[in-house]
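Participant: model the following, please.
(one chain, ligands or ions: 1)
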Amino acid sequence: MIRRIGKRGALTLPKALRVDAGLHPGMAVEVTAGNGGMEIKAAHKCCYFCGSPEDVYSVMNVNVCRACAKKLSEVIG
Ligand SMILES: [Zn+2]
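Facilitator: Residues are numbered from 1 along each chain as shown. So this is what the prediction gives:
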């Protein structure tokens, strides 16, 4: 798949690749360069729902931040 980098350096990641890689909109990612290319990985322990790397806990193998956990508890009751 060939993509073009925008004038300001932006690159849209195709949805199919994002889904395969487990990367979601708003998620914090770690970008590294080397070997003539770049690697994009989910930042260590960021919230599955909002992508925040702040105040994140692992609950049943899902990383969730305190704010999203609070919203979930309000919805579920
Ligand atoms: Zn969150």
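Participant: spatially nearest residue to the residue nearest the centre of the chain, not counting backbone neighbours?
Facilitator: Residue closest to the average C-alpha location in the chain (CA atoms, centre = their mean): residue 27, at 2.6 Å. In space, residue 27 comes closest to residue 51 once its chain neighbours are excluded; the distance is 3.7 Å by CB to CB, 6 or more residues apart in numbering. Every C-beta, even on glycine, is put in place using the N, C-alpha and C of the backbone.
Participant: returning to that earlier point: confirm that the residue nearest to the centre of the chain sits in a helix.
Facilitator: No: secondary structure of residue 27 (DSSP: H, G, I helix; E, B strand; the rest coil): coil, not part of a helix.
Participant: residues in contact with it?
Facilitator: 42, 43, 46, 51 (CB atoms under 8 Å, 6 or more residues apart in numbering).
Participant: residue 33 now?
Facilitator: When contacts are counted by CB under 8 Å, 6+ apart, residue 33 touches residue 39.
Participant: sheet partners, orientation included, of the helix or strand encompassing it?
Facilitator: Element membership for residue 33, per DSSP states H and E: strand 29-34. In the sheet, strand 29-34 lines up against strand 37-42 (antiparallel) (DSSP bridges).
Participant: check which residues of the helix or strand following the partner strand are buried.
Facilitator: Sequence order places strand 56-59 as the next helix or strand after strand 37-42, per DSSP H and E. Within strand 56-59, the residues that count as buried by 16 or more other CB atoms under 10 Å are residue 56.
Participant: sheet partners, orientation included, of the helix or strand following strand 56-59?
Facilitator: Counting by DSSP H and E, the next helix or strand C-terminal to strand 56-59 is strand 62-65. Strand 62-65 sits in its sheet next to strand 56-59 (antiparallel), going by DSSP bridges.
Participant: spell out which parts of this structure neighbour the ion.
Facilitator: 47, 49, 50, 52, 65, 68 (CB under 5 Å from the ion).
Participant: and the last one, what element?
Facilitator: With elements delineated by DSSP H and E, residue 68 resides in helix 66-76, which encompasses its position.
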